[in-house]
Structure formats: C-alpha cells, structure tokens
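*Asks:* One predicted model, sequence on top.
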Amino acid sequence: MARYTGPSSKIARNFGEPIFGADKALDRKNYPSGMHGMARKKKQQSDYALQLKEKQKAKYTYGILERQFRKIFVEAARKHGVTGENLLKQLESRLDNTVFRLGLAPTRRAARQLVGHKHIEVNGKTANAPSYILRPGDVISVTAKSRELEVIKNSLNNSGRHFPWLQWNGDKMEGTFITQPERDQIPENIKEQLIVELYSK
C-alpha cells in the first residue's frame, strides 16, 4: 500500500477536523464526504470503530503507514512512562515533522519532500530519511545550496509557529531539537489512549 496522496479535504471532512491545516472545504462542508455524509455523521459508532478512527487520524496527520506506525508504537510501549504519550513524543521527534514544526515547510508532506530531496542536514550531514528520529541536541539546518528555495523562504515568512522544544536561528538557517515535547505542548487533537486500547486487544 502506498502513502495516501489523494485530496486532503476529503480526509479532513471524514474526521471533521483540519488535520492537514486550515481547510476552506471543511469550513463549507463540515460533515463526511460522499452521498451519505450527513447520515454517517449521526450514526452511533462502536468502541472499536472509535479506536480505529483515532489511529487512522494519527497516521494521516503524521503521514505514516501501518507497518511503520506499529513499529513506533512497539518502541513507545518499551519505554518508561505512559505509552500513549511516548507514542506522540516519538512521532513528534521524526525529522519530517520537525522540519514542518520549524516552519521550513507549509505541510508535513512538503517537509518529507524537502528531506527526501536532500535539502536538509542533521548535525552537518545531509539527511534524506523523513523517519529519522531526532535526539535532544540535534541541529537541523538547510543545506547551503537550498537556502534560497522559494518554498522554504515563503514558508518561513508565513510560519509564525513557535514550539518550546525547538529553537530556531534564522541567521544560520538552523534549528535545535532541545528535547522531546510534553503531551500538553503537542497541539494535535489525538486521543492517544484509544490507540493504546486498540493495539492492546
């Protein structure tokens, strides 16, 4: 199964949330897509359906397929602490997500493209694996030849995003991954406990 590359508005409408960012289509039609959209919205869902939906939401939000998502979950379960929170911390520590959080790309999909096309460095070395997990102290920078890319400049100009676990130096075009974020610092509306319950069955 390939990564989803279809219309993001359709997915956002099915979840009833702008999981890919601001969405005018969702504002106009805040109900699931399809001819039975309004009827489906009122239908009572089982616990399993709610758990599965939450997992799907997390996967779409971070752009991850099932095998990789399960691998991250297993790793989160091995760590000390709350499994659900560990899961979100791992997802937030991915390189593509951090490039997006730093404002170098307008979306996570665009961030993956920047990483895949070798426009990003980690600790001075070119990194082309979006799934790379960052550690506290890692420095993420734009390669010298890519600093004038319009997509990066436009994204930085329109970003205005600031997150306490990241530090950005505009003069050097580099950011520092200070630490993994705490759950209350992560803005995503994901009920991680439902995901834990789903995988625990």
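*Replies:* Cool, the structure landed.
*Asks:* longest single helix anywhere in the protein?
*Replies:* Assignment by DSSP state H gives helix 47-62 as the longest helix of the chain.
*Asks:* now the residue most central in space within the chain: how far from Phe69?
*Replies:* By Cα atoms, centre = their mean, the chain has its centre lying nearest to Tyr62, at 3.1 Å. In this view, Tyr62 and Phe69 are 8 Å apart by Cβ to Cβ, to the nearest Å. Yep, even glycine has a C-beta here, placed from its N, CA and C like the rest.
*Asks:* ditto for Gly175
*Replies:* Gly175 sits 25 Å away from Phe69, going by Cβ to Cβ.
*Asks:* Pick out whichever of these two has more residues nearby.
*Replies:* Gly175 (23 against 19; other Cβ atoms under 10 Å).
*Asks:* and the more buried one, that's in a strand?
*Replies:* Yes. Assessed by DSSP: H, G, I helix; E, B strand; the rest coil, Gly175 belongs to a strand.
*Asks:* Confirm for me that it is in contact with Phe163.
*Replies:* No. Counting by Cβ atoms under 8 Å, Gly175 does not reach Phe163; the two are 9.8 Å apart.
*Asks:* ranges for the helices of the chain?
*Replies:* Applying DSSP H to the chain gives helices spanning 8-15, 24-28, 37-42, 47-62, 66-78, 83-92, 95-101, 108-116, 150-159, 192-199.
*Asks:* count of neighbours near His162?
*Replies:* Neighbour number of His162 under other Cβ under 10 Å is 11.
*Asks:* how many other residues sit next to the nearest residue to it once chain neighbours are set aside?
*Replies:* Distances taken as Cβ to Cβ, 6 or more residues apart in numbering put Trp168 closest to His162, at 7.9 Å, once the chain neighbours are dropped. By the measure other Cβ under 10 Å, the count of residues near Trp168 is 19.
*Asks:* Check the gap between Trp168 and Ser159 for me.
*Replies:* With the distance defined as Cβ to Cβ, Trp168 ends up 9 Å from Ser159.
*Asks:* who touches both of those two?
*Replies:* Gly103 (Cβ atoms under 8 Å, 6 or more residues apart in numbering).
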